[in-house]
Each structure stands twice: as structure tokens, then as C-alpha cells.
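> Requesting a structural model of the entry that follows:
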Amino acid sequence: MRNAIVKETAANPTACVIWLHGLGANGHDFEPIVPELNLPQGSAVRFIFPHAPQIAVTVNGGHRMPAWYDIMAMSLDREVDERQLRHSALRIQGIIEEQIAAGIASERILIAGFSQGGAVAYEAALSFTQPLGGLIAMSTYLATQDSVQRHEANHRLPILVLHGSRDAVVPELLGERAFQQLERWGYTPQYHSYSMEHSVCAAEIADIAQFMRHCLQLT
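Below you'll find the predicted structure:
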């Protein structure tokens, strides 16, 4: 696959996880997490870690770096380029469609995203036109809350929202706001907070693994 890393836990995968990295990183960022998930032996899961394109980022002085969209201001509510964000979400939906065409049922495809990647994951999953297996939002925010075109196919989408209580990059308040908005829309998301900064911890990985096993029916 172009512009992405693909790892498979066994031959002939029957489930897929598409995992989006944060600002300034790349697909290699979460690649090492696969063995740490300790998924059931014999589970055939394809992990796809796309690389964001190199674009100019305003809050980085206009320098080019891997980013799913431009951030114009780091205010609490964030000022982002929603056109670029939706373009990235469409790219992820294209990957989902490729996996469906390859024989993986949409209900066995899960989308995960960290920080900026999580904002794209929200947009891509909530607006997708076929039912997905789940959504994991890590240390992120619902950037397109006022514009996302939610699709009825995913009105019961399982959602896991995870955040660090000491996150100074994306304050936990933004994760809590996203969780509350999801509830207002009628979803039943899970929320977990950890004593960490803008990062990932062992307890979080364990919660992600449990969520994946349940959503993807891994035994």
C-alpha cells in the first residue's frame, strides 16, 4: 500500500485496524504497539498505519511537516483547516473501501487515531456510509463537531475515548467535550483517563486491546 505501513498478525486477515498518527510523526509511530496488544493467538488482523503528507503548518511557523491538516491557532478550541481535515478523512475512507473490496467486512474494520490523527478518525468514522467495527480516539478533540455529516450506518458505532489528565498539548477538557457531544448525539462511548501527558501508557494499551478484542470479535 502506498504511503502506509501494513502489518499482519497472521495470514489471510479477517479484520483490519487503520491507525492514524499525530502531528509531526509518521506511520512508524504506532507500529511497535501491535505486539504489545497481546491479541489472541491466531487472530488474523491487518494493521494499516498511513503516513500523513508533508504540508505547511501555521503554528509551526509555516514549516512543512507530516500533518493531516493545518492548525492555524493553538487556542483551546483550535483553529484548523477543515477542508484539509475532510480531505484526509476521505483518504482514510478510501482505505476502508479498499479493505472491504479485499474481503474484510466493514463491521470488522476499526479506526484509531492519536491527537491530530484522532480528529481525522472522528470525521472518517462518523461519516462513513457502511457500519464499522469501532472507533478509538486517543488524546484528541472533535474538530468538526459543527460540520461532520454523521451517517445513519454508524449511529451505533462503538467508541472508545482516551485521554491523559496531564496533557498540556491537547487538554483533557477537549477529550471530555468530545465525549459529551457524542453522548448528546446518541452514541454510548466509553471514556478512560490516565495520569499521563500527551502520550500513551501501558494501562491505555490494555484498554485498547480489550476494546479491539470485543469489537472485532477476536477469540
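> CA atoms for contacts and neighbours, from now on please.
Fine.
> so after the longest helix seen in the chain, what's the next helix or strand?
Among the segments of the chain that qualify as a helix by DSSP state H, the longest is helix 82-101. Downstream of helix 82-101, the next assigned helix or strand under DSSP states H and E is strand 109-114.
> Which neighbours in the sheet does that next one have, and how are they oriented?
Next to strand 109-114 in the sheet, as set by DSSP bridges, lie strand 15-20 (parallel), strand 134-138 (parallel).
> in stretch 86-95, what counts as buried?
Of the residues in stretch 86-95, 86, 88-90, 92-93, 95 count as buried by neighbour count, 16 or more other C-alpha atoms under 10 Å.
> picking that back up, so the longest helix of the chain versus strand 109-114, what angle?
150 degrees (axes from the mean of the first three to the mean of the last three C-alpha atoms, to 10 degrees).
> Grab the most central residue of this protein for me.
The chain has residue 113 as the residue nearest its centroid, 2.1 Å off, counting by C-alpha atoms, centre = their mean.
> Could you list the low-pLDDT ranges of this structure?
Filtered on pLDDT under 70, the chain yields the residue ranges 1.
> What are the boundaries of the helices in it?
33-36, 82-101, 116-126, 172-184, 202-215.
> Could you export the ones you listed as CSV, including distance to residue 60?
Compiled in CSV, those are given as follows (distance: least, C-alpha to C-alpha, whole Å):
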stretch, distance to residue 60
helix 33-36, 28
helix 82-101, 17
helix 116-126, 14
helix 172-184, 21
helix 202-215, 29
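> of all those helices, which lies closest to residue 10?
Among those, the nearest to residue 10 by C-alpha to C-alpha is helix 33-36 (12.1 Å).
> hmm, back to that, what separation do you get for the nearest residue to the residue nearest to the centre of the chain once chain neighbours are set aside and residue 28?
Nearest non-adjacent residue to residue 113, counting by C-alpha to C-alpha, 6 or more residues apart in numbering: residue 20, 4.4 Å away. Computed as C-alpha to C-alpha, to the nearest Å, the residue 20 to residue 28 distance reads 10 Å.
> circling back: who does the longest helix of the chain touch, helix- and strand-wise?
Helices and strands touching helix 82-101, by 3 or more C-alpha pairs under 8 Å, 6 or more residues apart in numbering; DSSP states H and E, are helix 116-126.
> Off-centre distance for the helix it packs on?
Distance, stretch centre to chain centre, for helix 116-126: 6 Å (C-alpha atoms, centre = their mean, to the nearest Å).
> between it and helix 82-101, what angle do the directions make?
60 degrees.
> which residues sit against helix 116-126?
20-23, 67-68, 85-86, 88-90, 92-93, 111-113, 132, 135-144, 148-151, 154-155, 157 (C-alpha atoms under 8 Å, 6 or more residues apart in numbering).
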